[in-house]
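[1] heads up, no residue letters with this:
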């Protein structure tokens, strides 16, 4: 609905994971977006997460004309997470990756359902070894030219019942623009939601590869965690090439909840997030050799709070 003056949207999240063998992770997050900051409809989006994974993110989205058209979007971000190398001398070694970066994008909206972005990313980070067996950690510089295309017709971000979302991103890392490693990374994803009454199916496929050079350990393609081979710890599978499919079933348990905020309840069925294909440069990942990992049952409710 149209809003006059300053408005915003507040979101909060809690994620708990445990593999029943002593390894657990948690994450607490919050997001706050200020909208209608000027006559062109600028927005300021902020996200914060801490726990097993940490993230601080801020983006200022500034349209350059009243109707859908060109825009600029500077970003700053801090992130820390753990990955497990699957190839070479560092196989099965855990590393903690910490990255500080800034991005500047110029883009164009495609109607009300998509956008094209071109931008530059600069930053630095460090890789710390957490377990024995692989090479020592190191510091690295980041310098990338980025291009992306996103099409999004989903009716809801968290619990879509219909629509389509696709994204293709190419990032070119080069020493000439501040990077320590030369490579080009392609990632893509596609998701389609279809509903029949209170039942919703979401089919998706995602993957990526190195178009040029080898992806460094801090920027490999990772899997593991909810809806990305859920039987494995988050980020525990890292590879140079990846193709992964999933099928998620959701059923609305009620249109109105007896809980606070009077929100609908949704049950997420066992998503078949086993790998259609998941290839590593050194060979098949264990995820393909042993795809029969337990898939989770999850429940949730959309919880936006407008302020």
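    Everything's here; your move. The shown structure was predicted, so the numbers you read here are calculated from the model rather than taken from an experiment.

[2] quick one, strands of the stretch 101-250 of the chain?
    Ranges of strands within the stretch 101-250 of the chain are 114-129, 138-152, 163-173, 183-196, 199-212, 221-223, 237-239, 242-254, based on DSSP state E, counting those that start in this stretch.

[3] pull the number of nearby residues for residue 66.
    If you count neighbours by other C-beta atoms under 10 Å, residue 66 ends up with 9. For the C-beta atoms, the positions are set from N, CA and C on the backbone; glycine is no exception.

[4] rewinding a little: of all the strands of the stretch 101-250 of the chain, which one is nearest residue 26?
    With C-beta to C-beta, the closest approach to residue 26 among these belongs to strand 221-223: 18.5 Å.

[5] any residues touching that closest one, and which ones?
    If you take C-beta atoms under 8 Å, 6 or more residues apart in numbering as the criterion, strand 221-223 is touched by 83, 187, 207-209, 215, 229, 232, 235-242, 244, 278, 287.

[6] tell me which of the strands of the stretch 101-250 of the chain is the most buried.
    Per-stretch averages of neighbours, counted by mean count of other C-beta atoms under 10 Å, single out strand 237-239 among those, with a mean of 25.

[7] just how off-centre is that one within its chain?
    Strand 237-239 has its C-alpha centroid displaced from the chain centroid by 15 Å (C-alpha atoms, centre = their mean, to the nearest Å).

[8] got it, and stretch 10-18?
    14 Å.

[9] could I get the buried residue list for it?
    By 16 or more other C-beta atoms under 10 Å, the buried positions in stretch 10-18 come out as 11, 15, 17.

[10] export the residues you listed as a markdown table, with columns for pLDDT.
    Shown next, in a markdown table, are the buried residues of stretch 10-18 (pLDDT from 0 to 100):
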| residue | pLDDT |
| --- | --- |
| 11 | 81 |
| 15 | 76 |
| 17 | 73 |
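
[11] tell me the one of the residues you listed nearest residue 159?
    Nearest to residue 159, judged by C-beta to C-beta, of the buried residues of stretch 10-18 is residue 11 at 13.0 Å.

[12] okay, residue 184 and residue 144: tell me how far apart.
    9 Å (C-beta to C-beta, to the nearest Å).

[13] go on, residue 250?
    Distance from residue 250 to residue 144, counting by C-beta to C-beta: 36 Å.

[14] same question, residue 228
    Going from residue 228 to residue 144 by C-beta to C-beta gives 23 Å.

[15] same check on residue 212?
    According to C-beta to C-beta, residue 212 and residue 144 sit 13 Å apart.

[16] what touches both of the two?
    With C-beta under 8 Å, 6+ apart, residue 212 and residue 144 have common neighbours residue 172.

[17] which residues touch stretch 40-49?
    With contacts defined as C-beta under 8 Å, 6+ apart, stretch 40-49 is touched by 13, 27-37, 55-66.

[18] mind listing which of those residues are in strands?
    Counting by DSSP state E, the contacts of stretch 40-49 place 13, 27-35, 55-63 in strands.

[19] residue 40: neighbour count?
    Using other C-beta under 10 Å, residue 40 is surrounded by 12 other residues.

[20] equivalent analysis for the one 3 residues further on, please.
    Counted with other C-beta under 10 Å, the neighbours of residue 43 add up to 20.

[21] distance of the nearest residue to it once chain neighbours are set aside from residue 229?
    Leaving aside its sequence neighbours, residue 43 sits nearest to residue 61 (C-beta to C-beta, 6 or more residues apart in numbering; 4.5 Å). Distance from residue 61 to residue 229, counting by C-beta to C-beta: 33 Å.
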